[in-house]
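Colleague: Can you look at this prediction? I've put the sequence above it.
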Protein chains: 2
Amino acid sequence: MNNEELYRLIVKKQSMLCVGLDTDIDLIPRHLLDYSDPVFEFNKAIIDATIDLAIAYKPNLAFYECRGTKGWESLEKTVAYINSKSEKTFTIADAKRGDIGNTSKMYAKAFFEWLNFDAVTVAPYMGEDSVTPFLEYAGKWVILLGLTSNKGSSDFQLIKNADGKLYEQVIRKAQTWASADQLMFVIGATHPDAFAHIRTLAPDYFFLVPGVGAQGGDAEAICKNGMNAKGGLLINSARQIIYASKGEDYAQAAREKALEVKALLQPFVATL
Amino acid sequence: MNNEELYRLIVKKQSMLCVGLDTDIDLIPRHLLDYSDPVFEFNKAIIDATIDLAIAYKPNLAFYECRGTKGWESLEKTVAYINSKSEKTFTIADAKRGDIGNTSKMYAKAFFEWLNFDAVTVAPYMGEDSVTPFLEYAGKWVILLGLTSNKGSSDFQLIKNADGKLYEQVIRKAQTWASADQLMFVIGATHPDAFAHIRTLAPDYFFLVPGVGAQGGDAEAICKNGMNAKGGLLINSARQIIYASKGEDYAQAAREKALEVKALLQPFVATL
């Protein structure tokens, strides 16, 4: 999928919603524990209940890794399930990987060949050769950390010199490595006022925006300040959607919450 | 294990060698492919052949992840095998993780509870709350990226302002988060001249030094410039040891190469 195809998907689905599959086995409804793979059962029901509303799904790798090989099986089945649906959806491995070239190549193999995700999140600290191995896969994306949603984002990302803040330098330099067809940036929803400025740094690139909902980001301000002519935003919401109910009605409750977030974004998507 | 115990282990084994288990199924001797888990068979033989020479083992997660659940099984068995040996060795998950607090907590669970590693490598870009969840495990370590061994290390790590270069600021700030009993830094062997300076930034902390061998780092200069009174270095060598032979004598060849690297470091370790 390239930038234009992602745009067309947004227009077709009238949505910029990304559902974060941060599926914690300790937080899912108890009756699912009777299944052989409770996490996959949960994800499947959430996907079925939201796939007409979501432009993307983003499993958070940590929640799968912490369950060992069982967790990786749940992850493998989840992405295969999304890819099996007739309704095309963009899939993001939220893995925050990044290592020397020969190692990043192996991570790319894991996420793009074995798991067949469309995109993987990558940390920029190790620079160009930690990122480029992922770009060798045509149609696959790197989503590079820019300005993240957490408190610690101010520790290093805001360090400043004559060339600007570190996150600004990351956003500028990375554009010399890849076009807007293969690269986007993580920009946390907890910095809504910064979006107008960040949009000027990377006019054509998509931003993946985590932190809406549980982390308190302001979706409307982000759309107002951060969109471009192709939409340019994937607004991620995880906990507030997937844990909308802890009862047997969890999928229906997730759908209702997803509809709410989608409706909030609707006036902005309608302008595309 | 704390700083003092690691020091005592170095003195006892007379070694600062860390063997990198970057085990690529395409590069191991072909006869191993007859086993149900060729990567584990390979690792087991390498471990048996080097455990009296190595202070630490460092599986590189990417090489396991790229084989999916099978890879995670190999990894799980490998670390359990190391931990089962009567000869205590420090185990490092070279994973370069790091995410918002609730996610880093899950990664910590994966590496410290499920896999029972002693340490995990972490990328600093997301700051304090991406690192501290790992520190909640007593006796477990974060190995934070400082100055890495790859070409791309110059892209952002050397960005400079009045407070110094980014990597220097990372090394200084991280010391306010954890003592030398739970934190060390990754300092690439490809910057041998920088070690004397970096040692002044963190006198008491261990450095994990990748890039010796295949990446061309100079082990002697690093020892001369980088050691402290507790040793303070874990010198990692991967490809040159584990792929010393592609024949059935691979374990013996690995032992011979490990002996060579250990001998190179011996005059320095002898001063402890």
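Modeller: Sure, I can see it. Numbering: from 1, shown residues only, chains lettered A, B, ... in the order given.

Colleague: And stretch A:125-140, what's buried?
Modeller: A:125-135, A:137, A:140 (16 or more other Cβ atoms under 10 Å in any protein chain shown). All C-beta atoms are positioned from the backbone trio N, CA, C, and that covers glycine.

Colleague: Among these, which lie within helices?
Modeller: Among those, the ones falling in helices (DSSP state H) are A:128, A:129, A:130, A:131, A:132, A:133, A:134, A:135.

Colleague: Turn those residues into TSV, including pLDDT.
Modeller: What follows is these, written out as TSV (pLDDT from 0 to 100):
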residue	pLDDT
A:128	98
A:129	97
A:130	97
A:131	98
A:132	97
A:133	98
A:134	98
A:135	98
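
Colleague: Looking at those, which is nearest residue B:148?
Modeller: Looking at these and their distance to residue B:148, the nearest is residue A:130, at 8.3 Å (Cβ to Cβ).

Colleague: separation between the closest one and residue B:144?
Modeller: Distance, residue A:130 to residue B:144, by Cβ to Cβ, to the nearest Å: 16 Å.

Colleague: can you check residue A:231 too?
Modeller: 36 Å.

Colleague: ok, residue A:212 touching residue A:236?
Modeller: Yes: here residue A:212 reaches residue A:236: they are 6.6 Å apart, a contact under Cβ atoms under 8 Å.

Colleague: neighbour-wise, which of these two wins?
Modeller: With other Cβ atoms under 10 Å in any protein chain shown as the criterion, residue A:212 and residue A:236 differ in neighbour count, and residue A:236 comes out ahead with 31 against 28.

Colleague: Okay, and the beta partners of that one?
Modeller: Assessed by DSSP bridges, residue A:236 has beta-bridge partners residue A:18.

Colleague: Can you show me the helices along chain A?
Modeller: For chain A, the helices defined by DSSP H cover A:3-13, A:38-50, A:61-65, A:68-84, A:101-108, A:128-135, A:153-156, A:166-174, A:195-201, A:219-226, A:239-242, A:250-269.

Colleague: Please name every helix or strand in contact with the second one.
Modeller: For helix A:38-50, the contact count by 3 or more Cβ pairs under 8 Å, 6 or more residues apart in numbering or on different chains; DSSP states H and E identifies strand A:17-21, helix A:68-84, helix A:239-242, helix A:250-269 as packing neighbours.

Colleague: want to throw these into a markdown table with mean neighbour count, mean pLDDT and distance to residue B:66?
Modeller: Compiled in a markdown table, those are given as follows (neighbours: other Cβ atoms under 10 Å in any protein chain shown; pLDDT from 0 to 100; distance: least, Cβ to Cβ, whole Å):
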| stretch | mean neighbour count | mean pLDDT | distance to residue B:66 |
| --- | --- | --- | --- |
| strand A:17-21 | 27 | 97 | 22 |
| helix A:68-84 | 19 | 97 | 12 |
| helix A:239-242 | 22 | 96 | 28 |
| helix A:250-269 | 18 | 95 | 32 |
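
Colleague: quick one, which of these is nearest to residue A:175?
Modeller: The stretch from the helices and strands packed on helix A:38-50 with the least distance to residue A:175 (Cβ to Cβ) is strand A:17-21; that distance is 21.9 Å.

Colleague: For the worst-scoring helix or strand of chain A on mean pLDDT, output the C-alpha coordinates as PDB.
Modeller: Least confident element among the helices and strands of chain A, by mean pLDDT, DSSP states H and E: helix A:219-226 (a mean of 93). Included here for helix A:219-226 are C-alpha records, laid out as PDB according to Å, rounded to 0.1, in the frame of the first residue of the first chain:
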ATOM      1  CA  ALA A 219      -8.500  14.400  18.800                       C
ATOM      2  CA  GLU A 220     -10.200  17.400  17.400                       C
ATOM      3  CA  ALA A 221      -7.300  19.800  17.900                       C
ATOM      4  CA  ILE A 222      -5.000  17.200  16.300                       C
ATOM      5  CA  CYS A 223      -7.200  16.900  13.200                       C
ATOM      6  CA  LYS A 224      -7.600  20.700  12.900                       C
ATOM      7  CA  ASN A 225      -3.800  21.200  13.200                       C
ATOM      8  CA  GLY A 226      -2.300  18.000  11.800                       C
END
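
Colleague: Residues in contact with that helix: which ones?
Modeller: For helix A:219-226, the external contacting residues (Cβ atoms under 8 Å, 6 or more residues apart in numbering or on different chains) are A:16, A:187, A:189, A:192-193, A:195-196, A:198-199, A:207, A:209, A:212, A:232-233, A:235, A:261, A:264-265, A:268.

Colleague: right, and residue A:51 touches residue A:84 too?
Modeller: No: applying Cβ under 8 Å, one finds residue A:51 not in contact with residue A:84, separated by 11.0 Å.

Colleague: Looking at the helices of chain A, which is nearest to residue B:10?
Modeller: helix A:101-108 (26.4 Å).

Colleague: Get me the contact residues on the stretch 151-272 of chain A for chain B.
Modeller: Remark: the part of the stretch 151-272 of chain A in contact with chain B comprises A:151-157, A:159-161, A:163, A:166, A:169-170, A:173, A:215, using Cβ under 8 Å from any Cβ of the partner chain.

Colleague: and these, which are buried?
Modeller: Buried residues within these, defined by neighbour count using 16+ other Cβ under 10 Å: A:152, A:153, A:155, A:156, A:157, A:159, A:166, A:169, A:170, A:173, A:215.

Colleague: farthest-separated two in the residues you listed?
Modeller: The most distant members of these, if one measures by Cβ to Cβ, are A:173 and A:215, lying 26.9 Å apart.

Colleague: Next, give phi and psi for whichever residue of the stretch 1-150 of chain A sits closest to chain B.
Modeller: For the stretch 1-150 of chain A, the nearest residue to chain B under the criterion Cβ to the nearest Cβ is residue A:127, separated by 2.4 Å. Dihedral pair for residue A:127: phi 80, psi -170, per degrees, to the nearest 10.

Colleague: for it, what are its contacts?
Modeller: Going by Cβ under 8 Å, 6+ apart, the list of residues near residue A:127 reads B:150, B:151, B:152, B:153, B:154, B:155, B:156, B:157.

Colleague: and the closest residue to residue A:250 other than its chain neighbours, what does it touch?
Modeller: Nearest non-adjacent residue to residue A:250, counting by Cβ to Cβ, 6 or more residues apart in numbering or on different chains: residue A:29, 5.2 Å away. By Cβ under 8 Å, 6+ apart, the residues touching residue A:29 are A:42, A:245, A:246, A:247, A:248, A:250.

Colleague: let's see it at 7 Å
Modeller: Residue A:29 makes contact with A:246, A:247, A:248, A:250, according to Cβ atoms under 7 Å, 6 or more residues apart in numbering or on different chains.

Colleague: Same check on residue A:182?
Modeller: Shown here is residue A:182, whose contacts under the criterion Cβ under 7 Å, 6+ apart are A:135, A:141, A:142.

Colleague: How about residue A:232?
Modeller: Residues counted as contacts of residue A:232 (Cβ under 7 Å, 6+ apart) are A:206, A:207, A:226.

Colleague: Likewise for residue A:52?
Modeller: Residues in contact with residue A:52, defined by Cβ under 7 Å, 6+ apart, are residue A:87.
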